[in-house]
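>>> model this:
(one chain, ligands or ions: 1)
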Amino acid sequence: MKGDIGVIGLAVMGQNLILNMNDRGFKVVAFNRTTSKVDDFLNGAAKGTNIIGAYSLQDLVDKLEKPRKIMMMVRAGSVVDEFIGQLVPLLDEGDIIIDGGNANYPDSTRRTKELAAQGIRFIGAGVSGGEEGARNGPSIMPGGDESAWPEIKPIFQAIAAKTPQGEPCCDWVGRDGAGHFVKMVHNGIEYGDMQLICEAYQFMKDGLGLSYDEMHRIFKEWNQTELDSYLIEITADILGYQDEGGEPLVEKILDTAGQKGTGKWTGINALDLGIPLTLISESVFARCVSAFKEQRVEAGKLFGKTITPVGGDKTEWVNALRQALLASKIISYAQGFMLIREASEVNDWALNYGNTALLWREGCIIRSAFLGNIRDAYAANPDLVFLGADPYFKGVLENCLPAWRKVVAKAIECGIAMPCMASAITFLDGYTTERLPANLLQAQRDYFGAHTYERTDKPRGEFFHTNWTGKGGDTASTTYDI
Ligand code: NBP
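The predicted model follows:
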């Protein structure tokens with residue numbers, strides 16, 4: 001009997017996805033560039049399963065049922081193109097290649113088109129959840145050639161995580177690179193969520209002087225509230241973890257954050273599309289600032305930097321901090337969904353926003369109860385432009401606002417950096433302000449560059465130029481927005 005699906009790449013993600021597929025009754029053929037790893041796998045984690053090994057791409061192709069389904073779980077980038085190049089001559093029309101790695105979505109758009117021209121169906125599927133998710137149920141975000149979806153749907157939906165209601169966290173996302181686009185935004189949101197938690201941690205530790213025991217307990221309690229999520233849960237665990245000497249291990253970890261680029265891609269995409277993705281972008285910059293360790297040490301000495309204790313009732317501050325975190329998180333997701341909406345419109349992807357929240361409800365790193373509320377918000381109003389306008393989220397934002405302002409103001413007063421919580425409240429303040437100072441900005445642009453302006457007392461679309469100094473000419477610049 002031939003295999004149902006082939007998987008290329010036997011590192012942590014590939015191996016665990018294969019074992020998951022095997023558990024669900026699918027016959028998987030496993031291949032890896034370094035073929036000794038095929039034997040290691042078959043004699044190790046895959047021992048006693050129905051998993052079949054392949055020792056060349058031809059061998060892999062020969063061992064698969066038609067139309068062949070071949071999923072790559074390899075390093076993103078040129079490696080994927082190299083495998084595609086080697087596979088195509090071995091495949092038949094209608095066979096399916098799936099890239100489950102962290103591709104940049106324009107690459108998936110290109111591959112979908114290039115392969116379609118050669119009669120091969122391509123799926124770019126974002127997979128989230130790390131090792132544990134891959135083994136027990138990841139969130140999967142497939143996009144690309146829709147005609148291939150019915151072929152892979154039974155496998156993907158069987159191995160995916162399930163919501164508390166039993167719905168799979170895997171459904172068709174959209175054409176081209178839409179699946180990898182949604183995965184990219186997921187990762188951007190993950191950056192934002194992590195930074196928000198870190199800001200709350202620093203306020204507790206350096207502002208309120210709380211102990212690791214206290215912080216461990218607080219995060220555990222927070223996980224019983226609307227903040228219930230995987231990242232809050234693991235933060236509680238991390239804060240409670242002690243090294244061999246009985247000291248909090250996290251205290252000994254160097255404070256420089258790494259990054260692999262998906263947060264940066266999200267920020268660049270937001271700038272390209274003109275979407276104010278301020279919180280996620282700040283979270284990427286916060287990692288950049290953290291990476292300047294030596295510079296920070298020097299600058300700290302130069303400015304004699306200290307953090308002033310916050311003072312006041314600690315329990316009240318902790319409660320205020322929880323509200324600030326929750327409200328900021330709503331803004332982050334609101335901005336993320338603004339980006340998804342814009343990309344959907346620009347690329348004509350017709351993305352389903354509620355379904356996107358459902359895909360992230362379980363299995364992935366940003367999984368949370370909160371995503372169930374987002375799903376409900378889009379179910380009630382599929383055209384919702386600003387998540388904060390949904391009655392539930394509006395109520396939470398209004399309820400949290402006084403505490404949120406207090407926390408951000410206090411952090412600034414005490415010298416605690418809070419780029420994400422502060423940018424979130426600043427965004428809401430700007431977004432809810434009917435008249436911003438951009439009238440002055442337009443005047444400045446017109447003053448130095450004759451860029452023209454519209455007037456409040458004239459219809460939109462009529463542009464005016466003023467010779468502000470009496471010295472310039474009357475010629476206006478061409479009016480266009482990028
Ligand atoms: P890696 O990203 O570490 O990739 C390892 C695989 O790529 C191995 O099969 C390796 O073959 C193959 N490979 C490399 Br590296 N260079 C190659 C080359 N020049 N030619 C052919 N094969 C090559 O594995 P991973 O962490 O399991 O991730 C797989 C994909 O899933 C990546 O795109 C990753 O970004 C994505 N992802 C990872 C996670 C995670 O938590 N790790 C989560 C979600 C998505 P070899 O054994 O012969 O070197």
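>>> check Ala324 and give its pLDDT.
What the model reports for Ala324 is a pLDDT of 98.
>>> ok, the closest residue to the ligand within the stretch 151-300 of the chain to Asn102 distance?
The nearest approach of the stretch 151-300 of the chain to the ligand comes at Lys260, 7.3 Å away (CB to the nearest ligand atom). Where you see a C-beta, it was placed from the backbone N, CA and C, and this is true even at glycine. According to CB to CB, to the nearest Å, Lys260 and Asn102 sit 8 Å apart.
>>> with neighbour numbers in mind, choose between the two.
It is Asn102, of Lys260 and Asn102, that has more neighbours when counted by other CB atoms under 10 Å, with 20 against 10.
>>> list the contacts of that one.
Counting by CB atoms under 8 Å, 6 or more residues apart in numbering, Asn102 touches 76, 126, 180, 183, 187, 260, 262.
>>> nearest spatial neighbour of the third one, chain-adjacent residues omitted?
Distances taken as CB to CB, 6 or more residues apart in numbering put Tyr105 closest to His180, at 4.0 Å, once the chain neighbours are dropped.
>>> test my guess that that neighbour contacts Ala178.
Yes - the criterion here is CB atoms under 8 Å, and Tyr105 meets it with Ala178 at 7.5 Å.
>>> neighbour count winner among these two?
More crowded of Tyr105 and Ala178, by other CB under 10 Å: Ala178, with 29 against 24.
>>> what pLDDT does the closest residue to that one other than its chain neighbours get?
Nearest non-adjacent residue to Ala178, counting by CB to CB, 6+ apart: Gly143, 3.7 Å away. Note on Gly143: pLDDT of 98.
>>> shouldn't Gly143 be within a strand?
Yes - under DSSP: H, G, I helix; E, B strand; the rest coil, Gly143 falls within a strand.
>>> in the sheet, who's paired with it?
Residues in a beta bridge with Gly143, per DSSP bridges, are Gly124, Gly174.
>>> ok, it - contacts?
Neighbouring residues of Gly143 by CB under 8 Å, 6+ apart: 108, 123-125, 172-182, 349.
>>> tell me how many other residues crowd the nearest residue to Asp176 once chain neighbours are set aside.
Closest residue to Asp176 apart from its sequence neighbours, by CB to CB, 6+ apart: Thr109 at 3.9 Å. Neighbourhood size, Thr109 [other CB under 10 Å]: 22.
>>> for Thr109, give me the pLDDT.
So Thr109 comes in at 98 (pLDDT).
>>> my read is that Cys141 contacts Asn187, right?
Cys isn't right for residue 141; it's Met. No - when contacts are counted by CB under 8 Å, Met141 is not listed as touching Asn187 (10.9 Å).
>>> quick one: end-to-end distance for stretch 22-33.
21 Å (CA to CA, to the nearest Å).
>>> actually stretch 356-367, not the one I wrote
Start-to-end span of stretch 356-367 (CA to CA) is 12 Å.
>>> tell me the contacts of the residue nearest to Trp468 when sequence neighbours are not counted?
Distances taken as CB to CB, 6+ apart place Tyr447 nearest to Trp468, at 4.5 Å, with adjacent residues excluded. Contact partners of Tyr447, counting by CB under 8 Å, 6+ apart, are 466, 468-469.
>>> can you count the residues close to whichever residue of the chain sits closest to the ligand?
Nearest to the ligand in the chain, going by CB to the nearest ligand atom, is Gly101, at a distance of 2.4 Å. If you count neighbours by other CB under 10 Å, Gly101 ends up with 23.
>>> and the longest helix along the chain, what's buried?
With secondary structure taken from DSSP state H, the chain has its longest helix at helix 314-347. Buried residues in helix 314-347, defined by neighbour count with 16 or more other CB atoms under 10 Å: 314, 317-318, 320-344, 347.
>>> returning to what we had before: now the host helix or strand of the residue nearest to Trp468: buried residues?
Tyr447 belongs to helix 438-449 when assigned by DSSP states H and E. Judged by neighbour count using 16+ other CB under 10 Å, the buried positions of helix 438-449 are 442, 446.
>>> quick one: mean pLDDT for that helix?
Average pLDDT, helix 438-449: 97.
>>> stretch 272-290 now?
In this model, stretch 272-290 has an average pLDDT of 98.
>>> for it, list every residue counted as buried.
Buried, per 16+ other CB under 10 Å, within stretch 272-290: 273, 275, 277-287, 290.
>>> of those, which belong to helices?
273, 278-287, 290.
>>> for the residues you listed, give me JSON lines that also has distance to the ligand.
Shown next, in JSON lines, are those (distance: CB to the nearest ligand atom, whole Å):
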{"residue": "Leu273", "distance to the ligand": "24"}
{"residue": "Thr278", "distance to the ligand": "26"}
{"residue": "Leu279", "distance to the ligand": "22"}
{"residue": "Ile280", "distance to the ligand": "18"}
{"residue": "Ser281", "distance to the ligand": "22"}
{"residue": "Glu282", "distance to the ligand": "24"}
{"residue": "Ser283", "distance to the ligand": "19"}
{"residue": "Val284", "distance to the ligand": "17"}
{"residue": "Phe285", "distance to the ligand": "23"}
{"residue": "Ala286", "distance to the ligand": "22"}
{"residue": "Arg287", "distance to the ligand": "18"}
{"residue": "Ser290", "distance to the ligand": "21"}
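>>> quick check: the farthest pair among those?
Largest separation among these by CB to CB: Leu273 and Ser290, giving 27.0 Å.
>>> run through the residues of the stretch 101-250 of the chain sitting next to the ligand.
101-102, 127-128, 130 (CB under 6 Å from any ligand atom).
>>> how about low-confidence regions in the stretch 201-350 of the chain?
Across the stretch 201-350 of the chain, nothing is flagged by pLDDT under 70.
>>> touching both of Met141 and Asn187, which residues are there?
Residues touching both Met141 and Asn187 by CB under 8 Å, 6+ apart: Ser128.
>>> so the two - more neighbours on which side?
For Met141 versus Asn187, neighbours defined as other CB under 10 Å are more numerous around Met141 (32 against 24).
>>> list phi and psi for the closest residue to the more buried one other than its chain neighbours.
Once flanking residues are discounted, Met141 sits nearest to Gly126: 3.9 Å by CB to CB, 6+ apart. Backbone torsions of Gly126, given as degrees, to the nearest 10, read phi -70, psi 140.
>>> quick check, Gly126 in contact with Val185.
No - with contacts defined as CB under 8 Å, Gly126 does not count as touching Val185, sitting 9.5 Å away.
>>> so for those two, which sits in the more crowded spot?
Gly126 (32 against 28).
>>> quick one: the more buried one from Lys183, how far?
Counting by CB to CB - Gly126 and Lys183 are separated by 2 Å.
>>> who touches both of the two?
With CB under 8 Å, 6+ apart as the test, Gly126 and Lys183 both reach 102, 141.
>>> hang on, the earlier thing: enumerate every residue touching the residue nearest to Met141.
100, 102, 140-142, 179-180, 182-184, 186.
>>> can you map out the strands along the stretch 51-200 of the chain?
Along the stretch 51-200 of the chain, the segments classed as strands by DSSP state E, counting those that start in this stretch run 52-53, 69-72, 96-99, 121-128, 139-144, 174-175.
>>> any residue of the first one touching the ligand?
No - using CB under 6 Å from any ligand atom as the criterion, no contacts between strand 52-53 and the ligand are found, and the smallest distance is 13.8 Å.
>>> what sits closest to Gln242 if chain neighbours are left out?
Closest to Gln242 by CB to CB, 6+ apart is Pro248, at 6.1 Å.
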